[in-house]
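> Provided below for reference: sequence and predicted model.
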Amino acid sequence: MKTIKHLLADKGDVVYSAGLNESVYDAIRRMAEHNIGALLVLGPDGRLIGMITERDYTRKVILKGKSSKDTPISEIMTAPVMCGSPEQSLEEVMALMTDKRIRHVPVVVENSVVGLVSIGDLVKAIIADQKFIIEQLEHYIAG
């Protein structure tokens with residue numbers, strides 16, 4: 001069974017983050033630059049304190065008539081954040097995402113962020129695993 005550790009080994013462990021007092025505008029700009037849907041919010045000590053997502057932006061800035069340039073991330077970020085561990089299976093993390101209706105899960109070891117997985121990462125990995133199993137079964141059947 002494939003774990004988050006395996007997924008991060010394939011995907012890489014690059015994690016984009018923002019500071020607590022940065023503006024929402026700067027966070028959204030950074031997300032656009034990297035073509036991602038979420039940034040982790042780290043404290044001065046580097047510990048995870050929250051996350052800002054496109055969903056946070058649309059629901060807590062745009063729909064409330066706030067200015068993204070004048071609103072600090074701290075006002076709209078999601079906190080606390082549901083986290084995963086490298087030892088969890090892809091299915092366990094997907095179940096967590098489905099149950100909690102979230103799209104991103106930071107991977108944490110001893111209070112340090114070691115990666116971030118999205119629902120897209122999980123779906124891609126699960127499809128690749130299923131494709132491999134199907135190919136193996138086809139080879140077995142064909143002899």
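That came through fine. These numbers were taken from a predicted model, which means no experiment stands behind them.

> Just want the most central residue of this structure.
His104 (2.8 Å; Cα atoms, centre = their mean).

> Find the nearest non-adjacent residue to that residue, please.
Take His104 and drop its neighbours on the chain: the residue closest to it by Cβ to Cβ, 6 or more residues apart in numbering is Ala38, 4.3 Å away. For glycine as for every other residue, the C-beta is placed from the backbone atoms N, C-alpha and C.

> Do a quick rundown of the helices in this protein.
Applying DSSP state H to the chain gives helices spanning 4-11, 24-34, 54-57, 73-76, 90-100, 119-142.

> For Ser17, find the nearest of the ones you listed.
With Cβ to Cβ as the measure, helix 24-34 is the member of the helices of the chain nearest Ser17 (9.0 Å).

> ok, the residue nearest to the centre of the chain - contacts?
37-38, 51, 53, 116-119 (Cβ atoms under 8 Å, 6 or more residues apart in numbering).

> bridging residues for it?
Ser118 (DSSP bridges).

> about what we covered before: emit the ChimeraX select command for whichever of the contacts of His104 are buried.
Selecting only the buried entries of the contacts of His104 in ChimeraX, with 16 or more other Cβ atoms under 10 Å as the criterion:
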select :38,51,53,116,117,118,119
